[in-house]
Structures are given as structure tokens and as C-alpha cells.
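**Student:** Okay, predicted coordinates and the sequence, questions at the end:
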Amino acid sequence: MERTLIIIKPDALQRGLMGEIMTRFEKVGLKIVAAKMLQPDVNHYMHHYEDISKMITRRGQKAFDVTMEMMQQGPVIAYILEGVGSVGLVRKMVGATEPKEALPGTIRGDYAHVSFEHADNEDVGIPNLIHASGDPEEAEQEIAHWFSETEIYDYDPVHSKYTQPKKTK
């Protein structure tokens, strides 16, 4: 079963959107197998955004710096979702990284609207509510960075017979 990491960013947490966001994932049958609230330090974010996802390499130091400033504005909620094709499904549900380009019906499309251009002009991070792993390999690295094995749980939700493949004997 595939797993993916979600981070509810400070802007979403401060706006009270955590429950709405988590509910969307539960409604499609994804299972929450780990969750916690924390306020990581710069070193934790450096490993997440550069060592794993190569943000400085891809987008430049300025984009990294404004993201770090935004992420330090409050705590985050990190959780792991599990399900069939969870990485791709979550990416589709979250919407484009730039909220202005996110389609209606996606999390960013419904709850955010700022463009990269506006954020750059204001010299701020883009309030796009949520982080979702980019691919299965990245998800594995991010999960190992944010959670220990003892923080991840295995259980059978009542709806699993409808949302998960049958186990073979």
C-alpha cells in the first residue's frame, strides 16, 4: 500500500482549514496512519526542502528563504496518508502549487488564490496551504524524515473493504 506525506502549513492552520482538508482525504478512502503537530526548526526544513526536494536547486535561494520565513510563522500538522496510488491521488486533490493556477474543486483552488508573481513582488512565501509529496520516492524520504516507525499505525478502517484491494492469502 502506498503512503504519502501531507503537511498542513501555518497559513492553513491559522485559517482553521485543517479539518476540512483532512476530511477530503478521508472521504475518498485514504487512511491516516500517522499525525502530529509540531514547529520544526530551520535545519528540519532545510533537510525537507533542499536535501530531499532540492528547492534551492530548482527554484533558487530567494524562493527557499521566503518559504522558510513563511513556514516558521507557526506550527504545522504533518500526517501520513495510505491508500492505492495515494501520492498521485493526493497531488490531484491538492491542485497546482501556484494557487492561482489550481482548478476549482482542488484544495488550493477552493481555498487559495495568490500567484507566484504577487508573492515575488511582495517578497513573501506563497500561501498555498499544504505540502504533498511529489512522487513515491520523495514520499518515502519525507516520511522517514518526519516520522519514526513507532509513530506510524496499522489498523483496518471500517470502509477498507471498499477502498483497498483484498489481501491475498
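**Tutor:** Received the coordinates, thanks.

**Student:** Which pLDDT value belongs to the residue nearest to residue 159 when sequence neighbours are not counted?
**Tutor:** Residue nearest to residue 159 in three dimensions, not counting chain neighbours: residue 29, with 6.2 Å by C-beta to C-beta, 6 or more residues apart in numbering. C-beta here means a position set from N, CA and C on the backbone, and glycine is covered the same way. Reported pLDDT at residue 29 in the predicted model: 91.

**Student:** residues contacting residue 29?
**Tutor:** 83, 159, 162, 163, 164 (C-beta atoms under 8 Å, 6 or more residues apart in numbering).

**Student:** How much space separates it from residue 81?
**Tutor:** Distance, residue 29 to residue 81, using C-beta to C-beta, to the nearest Å: 10 Å.

**Student:** May I ask you to confirm that the residue nearest to residue 159 belongs to a strand?
**Tutor:** No - looking at residue 29 with DSSP: H, G, I helix; E, B strand; the rest coil, it is coil, so not inside a strand.

**Student:** give me phi/psi at it?
**Tutor:** Residue 29 adopts backbone torsions of phi 100, psi 10, taken as degrees, to the nearest 10.
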